[in-house]
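[1] Sequence and computational prediction follow.
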Amino acid sequence: MTSPHLIDSEGTSMSLTRTSEGATAAPAAEHPAAVVLTESEHAQVGALADRLVGAAPAATDDLQWIREVRDASAGLPLRLLAELRAFRHDAGPDGVLLVRNLPVVAADRTLPPTPMLAGSVERTATVAAAVVTAAMLQLGEVIAFRNEKTGALVQNVVPVPGQESQQSNAGSEVLEMHVENAFHDNRPDYIGLMCVREDPSGEARLRTASVRRALPLLSEQTRGVLAEARFLTEAPPSFDGREGAAPAHPILPGAPEDPDILVDFHATHPLDGEAREAMAELREVFLRVNTAVALLPGDLAVVDNRLAVHGRSPFVPRYDGTDRWLHRVYASLDSRRNRPQRHAAGAVLD
């Protein structure tokens, strides 16, 4: 499967580096290139998105529009469909799929200023919103959470004045590595992060690390402790009105030789000293194997939320309309599993 190794617009190969806090490691080993759309594929996706922007009711939270996008998503370029299907089957050693050169805005339009309001979402269909939704619908069913950003299916990830130190999508200081909504029984299986506008300073980087890379570097004792229900995870600050922690859980649930990962290094708390040491070892290993990438407009990073944690390096926002702007969309593989939490069979979970 593909892994975060890039090819620039002129076809030059660019290795990413695995980084740790305060230092840069040696360049990562060569991986297959990310999926970089050709100009004809870019135009194909753009035409599809233009049709969806004009499709009534052109509201990203309306289930009729979601049905339109689901049907239209079958018309994505065959090469992209094949990559998405392969990633759904097996997310590979890194648990991340990177797609580049997707359209962000119609050819006759310009981007508006980056939003700066807390809880920013994208309610009206745009080219970027249509593109990320179409891609995610090839991985599962798009979902949202009623207590997070008012249940919007397409959410904006933007820095917000006054929330710089918050451990959420509105912050700009170091965002700790985490599984998205790790506290929730029906957390998303995939996270789609599409870059609408890059960080003008070039400082902000998406950081990811997979349990498949980390597992061989953990001691046998640590793996055993992390597989036991000795950890509690609280809801993030973005979940309005949600308090308390989920029941005790393991950080490495599933098959011992190929486990999932369930941790938020800001919100997960060990229940005893041995668990604390094991969690600290895991964090150190993740910092050794993590990969960082500066997302550019038209980049879509899909993170397998069962196999990889993600976070963000710090940056200094300008708050002048030119700041980093991502769209975030969640996808779930099993709509029957979360049906009891979806009112009237909608896409929003309680």
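    Done, it's in.
[2] for His249, what are its contacts?
    Ala229, Phe231, Leu232, Thr233, Leu262 (Cβ atoms under 8 Å, 6 or more residues apart in numbering). Where you see a C-beta, it was placed from the backbone N, CA and C, and this is true even at glycine.
[3] and the gap between it and Pro113?
    41 Å (Cβ to Cβ, to the nearest Å).
[4] likewise Val179?
    Distance from Val179 to Pro113, by Cβ to Cβ: 32 Å.
[5] tell me the SS of the closest residue to Tyr319 other than its chain neighbours?
    Leaving aside its sequence neighbours, Tyr319 sits nearest to Pro161 (Cβ to Cβ, 6 or more residues apart in numbering; 5.5 Å). Here Pro161 is coil, with the state taken from DSSP: H, G, I helix; E, B strand; the rest coil.
[6] so Pro161 touches Ala118, yeah?
    No. Using Cβ atoms under 8 Å as the test, Pro161 is too far from Ala118 to be in contact (9.0 Å).
[7] Between those two, which has more neighbouring residues?
    Ala118 (15 against 12; other Cβ atoms under 10 Å).
[8] what sits against that one?
    By Cβ under 8 Å, 6+ apart, the neighbours of Ala118 are Val160, Gln163, Ala170.
[9] and the residue nearest to Tyr319, backbone torsions?
    phi -60, psi 130 (degrees, to the nearest 10).
[10] so who does it touch?
    Going by Cβ under 8 Å, 6+ apart, the list of residues near Pro161 reads Met116, Pro317, Tyr319.
[11] can you pull out the strands in the stretch 51-200 of the chain?
    In the stretch 51-200 of the chain, the segments counted as strands under DSSP state E, counting those that start in this stretch are 96-100, 141-145, 155-157, 175-178, 190-197.
[12] out of those strands, nearest to His266?
    Closest to His266 of those, according to Cβ to Cβ: strand 175-178, at 4.2 Å.
[13] who touches the closest one?
    167-168, 207, 209, 263-267, 283, 286, 290, 309-312.
[14] what do you get if the cut-off is 6 Å, keeping everything else the same?
    For strand 175-178, the external contacting residues (Cβ atoms under 6 Å, 6 or more residues apart in numbering) are Asp264, Phe265, His266, Phe286, Val309, Gly311, Arg312.
[15] Which member of those is positioned nearest Arg123?
    Distances from Arg123 to the contacts of strand 175-178, taken by Cβ to Cβ, are shortest for Arg312, at 24.4 Å.
[16] number of nearby residues for the nearest residue to that closest one once chain neighbours are set aside?
    Spatially, and ignoring its direct neighbours in sequence, Arg312 is nearest to Leu175 (4.0 Å; Cβ to Cβ, 6+ apart). As a burial measure, Leu175 scores 21 neighbours (other Cβ under 10 Å).
[17] Equivalent analysis for the one 4 residues further on, please.
    When counting by other Cβ under 10 Å, one arrives at 28 neighbours for Val179.
[18] residue contacts, it?
    With Cβ under 6 Å, 6+ apart, Val179 has these contacts: Leu262, Asn305, Val309.
[19] let's see 8 Å
    Arg187, Ile261, Leu262, Val263, Asp264, Asn305, Arg306, Val309.
[20] ditto for Val348
    Per Cβ under 8 Å, 6+ apart, neighbours of Val348: Ile143, Ala144, Phe145, Arg146, Gly151, Leu153, Arg342.
[21] again, only using 10 Å
    Residues near Val348 by Cβ atoms under 10 Å, 6 or more residues apart in numbering: 61, 143-148, 150-153, 341-342.
[22] how near is it to Ala55?
    Distance from Val348 to Ala55, by Cβ to Cβ: 21 Å.
[23] give me the number of residues near the closest residue to Val174 other than its chain neighbours?
    In space, and not counting its chain neighbours, Val174 is closest to Pro314: 4.9 Å by Cβ to Cβ, 6+ apart. Residues near Pro314, counting by other Cβ under 10 Å, number 14.
[24] go on, Ala74?
    Applying other Cβ under 10 Å, I find that Ala74 has 11 neighbouring residues.
[25] and it, what is it in contact with?
    Residues near Ala74 by Cβ under 10 Å, 6+ apart: Leu48, Leu81, Ala134, Leu137, Gln138.
[26] just checking, the third one touches Val45?
    When you say that, I think you mean Ala134. Yes. Between Ala134 and Val45 a contact is recorded at 8.0 Å, counting by Cβ atoms under 10 Å.
[27] Quickly list what's touching both of the two.
    Gly75, Leu76, Leu80, Leu102.
[28] got a pLDDT number for Arg342?
    pLDDT, Arg342: 90.
[29] For the closest residue to it other than its chain neighbours, give me phi and psi.
    Of all residues not flanking Arg342 in the chain, Leu349 sits nearest, at 5.8 Å (Cβ to Cβ, 6+ apart). The phi and psi values for Leu349, taken as degrees, to the nearest 10, are phi -90, psi 140.
[30] measure Leu349 to Pro93 for me?
    Counting by Cβ to Cβ, the gap from Leu349 to Pro93 is 30 Å.
[31] To Asp108, which of the strands of the stretch 51-200 of the chain lies closest?
    strand 190-197 (17.1 Å).
[32] Next, the angle from that closest one to strand 96-100.
    With axes from the mean of the first three to the mean of the last three Cα atoms, to 10 degrees applied, the angle from strand 190-197 to strand 96-100 works out at 30 degrees.
[33] Perfect, I'm done here.
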